[in-house]
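K.L.:
what's the 3D shape of this:
(2 chains)
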Protein chains: 2
Amino acid sequence: MAETHTQTDLDKLRDRWGELSVEQRIEEFRRLSTADAQEFFSELNALDQAELLQQMTQSERRLWFRSLAPDDAADIIQELPEEKRKEYLDLADATTRSEIIALLAYKEDVAGGLMSPRYARVRPDMTVSEAISYVRLQAVEHVETIYYIYVLDSEQHLLGALSLRELFAAPNGKLIQEIMNTNVITADEQMDQEELVRLFAQEDLLAIPVVDSEKRMKGIVTVDDIVDVVSEEATEDIQKMGGTEALDMPYLRSTLSEMIRKRAGWLTVLFVGEMLTASAMAHYEGEIAKAVVLAVFLPLIISSGGNAGSQASTLVIRAMALGEVKLTDWKRVVRREIVSGLALGLILGVIGVLRVVLWEQLFHSYGPHALKLGITVGISLVAVVMWGSLTGSFLPFVLRRLKFDPASASTPFVATMVDVTGVVIYFSTANVLLKGSLL
Amino acid sequence: MAETHTQTDLDKLRDRWGELSVEQRIEEFRRLSTADAQEFFSELNALDQAELLQQMTQSERRLWFRSLAPDDAADIIQELPEEKRKEYLDLADATTRSEIIALLAYKEDVAGGLMSPRYARVRPDMTVSEAISYVRLQAVEHVETIYYIYVLDSEQHLLGALSLRELFAAPNGKLIQEIMNTNVITADEQMDQEELVRLFAQEDLLAIPVVDSEKRMKGIVTVDDIVDVVSEEATEDIQKMGGTEALDMPYLRSTLSEMIRKRAGWLTVLFVGEMLTASAMAHYEGEIAKAVVLAVFLPLIISSGGNAGSQASTLVIRAMALGEVKLTDWKRVVRREIVSGLALGLILGVIGVLRVVLWEQLFHSYGPHALKLGITVGISLVAVVMWGSLTGSFLPFVLRRLKFDPASASTPFVATMVDVTGVVIYFSTANVLLKGSLL
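P.N.:
Okay, here's the model as predicted:
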């Protein structure tokens, strides 16, 4: 453990990184030993790498940019302003440059945009011992992993694959084509990254080969890239579900103006939607004037519907993202939510009635019609909670069917929808039950 | 691609699995070819595996249980009722049984509970070619991965590690102790899985060795286990943030009574909290009686505070989970949220004033004091949105400081807190601004 000291230097920089300005970053980075700097640079995300490269001298920039695998280099180029891209491409050697350009043709969130073009390959007519020597040679080069080996014909068609472990365990004289697996799990170059995550989870593989429509091999996606994707997708969903646009960068790194912009959009939409509560309530001004006590329970009732809706939409959106719930499951989900909503509504309804009756006993808060008022509150709660659960669970299906992201059925969005209808449900119930007494 | 037909059978079962009863499942499973059944069984999660094993005959059960790696077997045993566990343990051979028992001593969510005790090992005084042959032997056995090789002394102390790739690239005659890395990243057996996820993300490794307090090697955690953990942790956080307890199983698989129980707890807590709005409003019955129009804008104002709070808490909770925001960052976060909250509040406030003034112009809705009413609404919005942003961002810090999960600062929880204070803010503002006119 001789490296304990430098390890600590590195750790310190990792801890402080978030708080440093760009100028301080390049300064501290230059102070690291070469080995530490290499380790540190490779750990940074593409955004930070790009920022750091921008601060470097021309010769430093060439050195560090050339240290990158082509897929990582492509990620950095995507973070740069348009006019800078050519300059960076020119830093790479000719082979890498053409690999980067090929990768830039893919969107960031499809298999092609995640893959590395450098993988270990053998020919079908090699023997096991020939293949082991050949792979040993490739281990020294810059291939992404040597642990899965792909068998290609002269036109790059994927014929089969085998793990290094299988190669190891096979007798020396066998031919590759005798021991390779021909039934290979592949991903199309345009496969969406969410689908790719599910494929990795289902198949428990370390890497999946990416092919074009003619089964020609284009690259491999490795599981360590997928860990990042899983986390990014969850972050995006969580942020949408909280009622903002996805930030696409760490909270403390986004500029204030960007963050405000990404939050103001939805907040304004929700605000305009919520204005309908004012319009709805304007219809019931007469009722409120006659029985001010009705207004007192309004926030309690509509927010309970919103809370039940939040629960339902959250559960359904996440289940959809994990592939547990499909579009065709909508009937089963709706049935479950009607039952759950009824049960939950009854629980809150009973507590609501007790609250009104108890307060009347203790403080004489609500006068002679307290029981009727309590029943109005209770029945409204049952109806609003059921309605909330139903809306919250159904909305993600509607959004998905219309090809929107179900995660946009955010908690605040559902709450707003339920608030407006909650006003109507509550006052309608009151009009029926309290006519002739309070109203 | 000769296996296309059976592949399709498998796919069909995968698709329908979620809809099948336990009896149908065992029936369909028995219909699969041995190869397909093996693939399918290994893909199932521990819960489904346990359920399927329960349906099997004694001899089937022994066969399938013995096909499992010890860490997977331990996961299944944790899903079984207490009284069944011994019976299953007895199905395993003596070595595996003692491995399983060792694993069961760990909590599920620490490194020890995730690790596999089967890894590739070499001795420090072996040559490279001896080590390659030795690892080739282990490749045939049931080790989890041969791609990382651990160098142990006779007392299982971890001396170093190297990748199969490094072993491959080294000259035959070198000794392992000359080429091994001594500065190995390790995880303590009690390390929490969230911390482990961050370690994997930071170091980009395929596997991390797990050691006890005396640096004796206990097992390895591989990256494919981590993919599942990342997804599970995100699911838990999302569900808590939506205001329910974590379901701990797929939405459609949980029983209705369980789901209702997990939702009713928080919903009731929120309901009781929200009752404070009724108490708060009871104080302002006089004001509402004088100016019913005030009640009309109440839901709009308090829900806007709740929405702003949802955004803030969601962003902060996720940033904490990703390690982007630490406890010590609270001042920076609060500063950001005050500025954002002010900006967002001003946007909504201006729209709110315009809404009131415009409706007065168009419909004469609010009478001679419309402008004053509009300003009351606008100022309340600024104050409530700022307050919501501040509460939503600060609450996760408080929870974390008190050693609770910050994700419990759920959207509905924040909204409820802000609703109660929103009532007070709104009516206090009205009392100041409208005294002598509307009030």
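K.L.:
surely residue A:155 is within a strand?
P.N.:
No: if the criterion is DSSP: H, G, I helix; E, B strand; the rest coil, then residue A:155 is coil and not within a strand.
K.L.:
quick check: nearest residue in space to it, chain neighbours excluded?
P.N.:
Spatially, and ignoring its direct neighbours in sequence, residue A:155 is nearest to residue A:216 (6.9 Å; C-beta to C-beta, 6 or more residues apart in numbering or on different chains). No exception for glycine: its C-beta is placed from N, CA and C like everyone else's.
K.L.:
kindly report the same for residue A:330.
P.N.:
residue A:397 (4.7 Å).
K.L.:
and the host helix or strand of the one you found, what's its mean pLDDT?
P.N.:
Using DSSP states H and E, residue A:397 sits within helix A:370-401. Mean per-residue pLDDT for helix A:370-401: 95.
K.L.:
mind giving me the packing neighbours of that helix?
P.N.:
helix A:293-321, helix A:330-363, helix A:411-434 (3 or more C-beta pairs under 8 Å, 6 or more residues apart in numbering or on different chains; DSSP states H and E).
K.L.:
contacts for stretch A:372-386 next, please.
P.N.:
A:293, A:297, A:300-302, A:304-305, A:308, A:338, A:341-342, A:344-346, A:348-350, A:352-357, A:360, A:366, A:418, A:421-422, A:425-426, A:429-430, A:433-434, A:437-438, B:267 (C-beta atoms under 8 Å, 6 or more residues apart in numbering or on different chains).
K.L.:
filter these down to the buried ones and hand me the ChimeraX line.
P.N.:
What follows is the ChimeraX syntax selecting those of the contacts of stretch A:372-386 that are buried according to 16 or more other C-beta atoms under 10 Å in any protein chain shown:
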select /A:293,297,300,301,302,304,305,308,341,342,344,345,346,348,349,352,353,355,356,357,360,366,418,421,422,425,426,429,430,433,434,438 /B:267
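K.L.:
got JSON lines for the helices and strands packed on helix A:370-401, with mean pLDDT too?
P.N.:
JSON lines is the format used below for those (pLDDT from 0 to 100):
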{"stretch": "helix A:293-321", "mean pLDDT": "92"}
{"stretch": "helix A:330-363", "mean pLDDT": "93"}
{"stretch": "helix A:411-434", "mean pLDDT": "93"}
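K.L.:
out of these, which gets nearest to residue A:167?
P.N.:
Of all these, it is helix A:293-321 that lies closest to residue A:167, at 36.9 Å by C-beta to C-beta.
K.L.:
and the angle for the helix holding residue A:397 with helix A:411-434?
P.N.:
140 degrees (axes from the mean of the first three to the mean of the last three C-alpha atoms, to 10 degrees).
K.L.:
which of the helices or strands spans the residue positioned nearest the centre of chain A?
P.N.:
Compute the mean C-alpha point of chain A, and by C-alpha atoms, centre = their mean the closest residue is residue A:233, 1.9 Å away. Taking DSSP H and E as the criterion, residue A:233 maps to helix A:223-241.
K.L.:
what does residue A:75 give?
P.N.:
Per DSSP H and E: helix A:70-79 holds residue A:75.
K.L.:
next helix or strand past that helix?
P.N.:
Assigned by DSSP H and E, the successor of helix A:70-79 is helix A:85-89.
K.L.:
buried sites along that following helix?
P.N.:
Buried, per 16+ other C-beta under 10 Å, within helix A:85-89: A:88-89.
K.L.:
could you give me the buried positions within the following helix or strand past that helix?
P.N.:
Where DSSP H and E defines the elements, the next helix or strand beyond helix A:85-89 is helix A:94-104. For helix A:94-104, the neighbour count (16+ other C-beta under 10 Å) marks A:96-97, A:99-100, A:103-104 as buried.
K.L.:
pick the one among the residues you listed closest to chain B.
P.N.:
Nearest to chain B out of the buried residues of helix A:94-104 is residue A:103 (C-beta to the nearest C-beta; 19.0 Å).
K.L.:
the closest one contacts residue A:117, correct?
P.N.:
Yes: using C-beta atoms under 8 Å, residue A:103 is in contact with residue A:117, at 7.0 Å.
K.L.:
shared neighbours of the two, which are they?
P.N.:
Residues touching both residue A:103 and residue A:117 (C-beta under 8 Å, 6+ apart): A:70-71.
K.L.:
which of the three states applies to the closest residue to residue A:239 other than its chain neighbours?
P.N.:
Leaving aside its sequence neighbours, residue A:239 sits nearest to residue A:246 (C-beta to C-beta, 6+ apart; 4.9 Å). Assigned by three-state DSSP, the conformation of residue A:246 is coil.
K.L.:
what's the first-to-last distance across stretch A:164-183?
P.N.:
Stretch A:164-183 has an end-to-end distance of 17 Å (C-alpha to C-alpha, to the nearest Å).
K.L.:
so, in contact with chain B or not, that stretch?
P.N.:
Yes: legend: contact between stretch A:164-183 and chain B by C-beta under 8 Å from any C-beta of the partner chain is shown at A:164-165, A:168-169, A:182-183.
K.L.:
tell me the mean pLDDT over the helix holding residue A:233?
P.N.:
pLDDT averaged over helix A:223-241 gives 85.
K.L.:
can you name the next helix or strand after that helix?
P.N.:
By DSSP H and E, the next helix or strand past helix A:223-241 is helix A:256-283.
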